[in-house]
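Enquirer: Coordinates for the following, if possible.
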Amino acid sequence: MQYIGIDLSGPSNTKDTVLVHFHKEKDKLHYKKHETPMNDYALMTYIESLANRDSVTIGVDAPLSYEDGGGDRESDRSLRTFVTKLGMKGASIMPPTMMRMVYLSLRGIRLTREIERFSTKHKIHIVEVHPGAALGARMETIDDVLHYKQDLSIRKRIRIWFETQQLLDVPEVMAEESHTIDACAAALAAWHWQDPDLEPAWLFKASLPLHPYDFCC
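Expert: Next up, the predicted model:
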């Protein structure tokens with residue numbers, strides 16, 4: 001099984017999009033490579049090629065649906081309550097149709113629907129994830145989770161911490177940017193969602209037809 005974490009950005013800001021690829025061996029994920037910047041064509045080409053060799057689970061850090069009529073989805077409200085109890089900022093969970101989120105939502109929805117159209121030899125599993133919440137639910141120090149985006153020294157600690165979560169061989173360069181840390185955390189959340197021997201820290205199940213993907217951290 002192959003695992004991919006994607007920290008997605010808006011369609012005009014592909015330099016901040018990161019794909020990280022892990023390969024599962026026994027009960028561990030081993031870092032294979034990461035790619036950035038990534039436009040939609042590059043993302044789809046990478047995933048399609050990989051899924052013709054093995055099953056792929058993808059954790060996408062972007063809204064993959066929106067609420068009919070706008071505003072919060074029920075899943076957004078649930079996650080906001082969850083992260084607030086952890087000591088994180090509930091305001092970090094924003095509605096998909098909010099002005100600063102809408103282009104990211106558009107890209108996430110378009111990308112996943114295109115991936116669903118692939119005819120690959122192996123299955124592709126997709127889940128919406130929140131990397132910050134994935135870190136906050138697992139790390140001992142919530143202050144690190146609140147400040148890692150601005151602090152290189154914290155990101156270096158998180159890179160080492162990934163090994164305690166059985167994400168192995170993550171290179172030092174991954175700590176240089178918060179986007180690469182988020183992509184790794186996206187893969188971690190997707191693994192805990194897909195693997196029957198594990199479970200996510202928080203899960204909101206898909207609700208067809210408007211919300212076709214599970215959302216987890």
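Enquirer: State the distance from the residue nearest the centre of the chain to Glu67.
Expert: Centre of the chain computed as the mean C-alpha position; nearest residue by C-alpha atoms, centre = their mean is Ala186, 2.9 Å away. From Ala186 over to Glu67 the distance is 22 Å, taken as C-beta to C-beta, to the nearest Å. For every residue, glycine as well, the C-beta is placed using N, CA and C.
Enquirer: cool, and Leu106?
Expert: According to C-beta to C-beta, Leu106 and Glu67 sit 15 Å apart.
Enquirer: do the same with Tyr103
Expert: Going from Tyr103 to Glu67 by C-beta to C-beta gives 17 Å.
Enquirer: more crowded one of these two?
Expert: Per other C-beta atoms under 10 Å, whichever of Tyr103 and Glu67 has more neighbours is Glu67, with 17 against 14.
Enquirer: which residues touch that one?
Expert: Residues in contact with Glu67, defined by C-beta atoms under 8 Å, 6 or more residues apart in numbering, are 73, 95-97, 210.
Enquirer: what helix or strand is it on?
Expert: Assigned by DSSP states H and E, Glu67 belongs to no helix or strand.
Enquirer: Ok, the one 4 residues further on next?
Expert: Using DSSP H and E, no element contains Gly71; it sits outside every helix and strand.
Enquirer: ok, now His30?
Expert: Under the criterion of DSSP H and E, His30 resides in strand 28-35.
Enquirer: residues of that strand that come out buried?
Expert: Buried residues in strand 28-35, counted by 16 or more other C-beta atoms under 10 Å: 29-31, 34.
Enquirer: helices or strands next to it in the packing?
Expert: When contacts are defined as 3 or more C-beta pairs under 8 Å, 6 or more residues apart in numbering; DSSP states H and E, strand 28-35 packs onto strand 18-25, strand 167-168, helix 178-194.
Enquirer: Strands of this protein, start to end?
Expert: With DSSP state E as the criterion, the chain has strands at 2-7, 18-25, 28-35, 56-61, 124-129, 167-168, 203-204, 215-216.
Enquirer: Pull out the CA atoms of the third one and give them to me as PDB.
Expert: The reference is to strand 28-35. Output in PDB follows, covering the C-alpha atoms of strand 28-35 (Å, rounded to 0.1, in the frame of the first residue of the first chain):
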ATOM      1  CA  LYS A  28       5.500   1.400   9.400                       C
ATOM      2  CA  LEU A  29       5.500   4.100   6.700                       C
ATOM      3  CA  HIS A  30       8.700   4.700   4.900                       C
ATOM      4  CA  TYR A  31       9.300   8.100   3.100                       C
ATOM      5  CA  LYS A  32       9.800   7.600  -0.600                       C
ATOM      6  CA  LYS A  33       9.900  11.100  -2.000                       C
ATOM      7  CA  HIS A  34       8.100  14.500  -2.100                       C
ATOM      8  CA  GLU A  35       7.300  16.900  -4.900                       C
END
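Enquirer: so who does the nearest residue to Ser65 once chain neighbours are set aside touch?
Expert: Ranked by C-beta to C-beta, 6 or more residues apart in numbering and with sequence neighbours excluded, the top spatial neighbour of Ser65 is His211, at 4.4 Å. With contact taken as C-beta under 8 Å, 6+ apart, His211 is in contact with 65, 73, 75.
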